[in-house]
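# Here's my sequence, what's the structure:
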Amino acid sequence: MDSFFDSLMGSAAYGEVSLTTLLLTLLMACVIGQAIGWVYMWTHVSPSYSRSFSASMVTLPVIVALMMILMAGSTAIAFGLLAVFAVVRFRNVLKDTRDTTFVLWAIVEGMGVGTLHYTESICGLIVVGCLIGYLRITDFGGKHQFDAFLSLDLEGSLSSFNQSLDSILKRHATKWNQSGDIQLVDDRTSISYQVLLRDPTRSEELRQDLLEQDTVKQMSLFVHDRETET
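Predicted coordinates for the structure are as follows:
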């Protein structure tokens with residue numbers, strides 16, 4: 001146990017490690033991997049979520065940490081591991097470019113713990129985790145001002161409907177802009193809007209409120225994918 005705390009303070013040499021240090025190192029790698037997995041689950045918003053990928057974030061730092069410890073103890077093992085990775089081919093294609101960041105993060109954390117750089121690994125976990133959380137909360141990278149497109153086919157008086165429409169949109173959207181209108185046959189009018197929803201997950205409530213209006217004969221609401229810019 002003393003050797004572990006000595007290495008934690010930076011006084012232990014990177015090379016041969018005791019059994020206690022080995023087990024505590026792998027345990028720390030597991031805890032760090034668990035934290036990475038939770039950050040991934042919390043910040044993931046695209047439809048390409050994978051439960052197995054989240055579980056891999058927990059095990060990857062442990063495997064990398066063990067590999068670094070083995071490579072430090074023997075040059076022959078180091079060359080052997082390099083040969084194994086040269087032969088084995090990994091054909092799993094990541095569906096989201098953001099997943100690459102988490103893979104690299106997990107690998108680097110495993111390397112840090114495996115080389116007994118505990119303080120650096122913990123600091124890196126905190127800083128990178130806070131950075132990813134900041135990007136998630138602020139929706140950094142989004143360029144579109146509107147996240148939905150609304151099209152309505154109306155029949156009857158438009159002046160009275162505009163008042164009802166404004167009331168409905170105020171409840172469900174922060175801003176909207178009429179992008180066009182077309183006069184149809186049989187005294188019908190097609191109007192389209194660009195809308196910024198307050199909560200895109202509650203878009204079905206907006207549909208129901210509009211369909212309850214007698215003036216609305218047909219409608220369509222398309223919500224943009226937050227991860228896709230058009």
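
# show me where this structure has helices.
Using DSSP state H, the helices of the chain run over residues 2-8, 19-43, 51-73, 75-87, 97-114, 118-137, 158-172, 203-211.

# Kindly reformat those helices as CSV containing distance to residue 222.
Just so you know, the C-beta spots here come from the backbone N, C-alpha and C atoms, and that holds for glycine as well. Below are the helices of the chain laid out as CSV (distance: least, C-beta to C-beta, whole Å):
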stretch, distance to residue 222
helix 2-8, 54
helix 19-43, 25
helix 51-73, 29
helix 75-87, 45
helix 97-114, 24
helix 118-137, 24
helix 158-172, 15
helix 203-211, 9
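
# and residue 194, which of those is closest to it?
Distance to residue 194, taken as C-beta to C-beta, is lowest for helix 158-172 among those, at 11.3 Å.

# mind listing what the residue most central in space within the chain touches?
For the chain, the residue sitting closest to the mean C-alpha position, by C-alpha atoms, centre = their mean, is residue 44 at 2.5 Å. Contact analysis of residue 44 by C-beta atoms under 8 Å, 6 or more residues apart in numbering lists residue 98.

# give me phi/psi at it?
Main-chain torsions, residue 44, degrees, to the nearest 10: phi -80, psi 130.

# any idea how far it lies from residue 33?
16 Å (C-beta to C-beta, to the nearest Å).

# Kindly report the same for residue 164.
53 Å.

# Name the residue in those two with the higher neighbour count.
Using other C-beta atoms under 10 Å as the criterion, residue 164 and residue 33 rank with residue 33 on top: 26 against 16.

# correct me, but the more buried one touches residue 106?
Yes: between residue 33 and residue 106 there is a contact under C-beta atoms under 8 Å: 6.3 Å.

# Tell me the residues that contact both of these two, please.
With C-beta under 8 Å, 6+ apart as the test, residue 33 and residue 106 both reach 57, 60-61.

# Residue 112: what's it in contact with?
Shown in contact with residue 112 (C-beta under 8 Å, 6+ apart): 118, 120-121, 124.

# top of the residues you listed by neighbour count?
residue 121 (23 neighbours).

# my guess is it meets residue 33, correct?
No: the criterion here is C-beta under 8 Å, and residue 121 misses it with residue 33 at 11.0 Å.

# Now the common contact residues for those two.
In contact with both residue 121 and residue 33: residue 109, using C-beta under 8 Å, 6+ apart.

# picking that back up, how about CSV for the helices of the chain, with mean pLDDT and distance to residue 195 added?
Below are those laid out as CSV (pLDDT from 0 to 100; distance: least, C-beta to C-beta, whole Å):
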stretch, mean pLDDT, distance to residue 195
helix 2-8, 53, 54
helix 19-43, 91, 25
helix 51-73, 86, 33
helix 75-87, 66, 50
helix 97-114, 89, 26
helix 118-137, 92, 22
helix 158-172, 77, 7
helix 203-211, 82, 8
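
# First-to-last residue distance for stretch 176-191?
13 Å (C-alpha to C-alpha, to the nearest Å).

# Pull the contacting residues for the nearest residue to residue 222 once chain neighbours are set aside.
Excluding its sequence neighbours, the residue lying closest to residue 222 (C-beta to C-beta, 6 or more residues apart in numbering) is residue 149, at 4.6 Å. Shown in contact with residue 149 (C-beta under 8 Å, 6+ apart): 179, 192-195, 221-222, 224.
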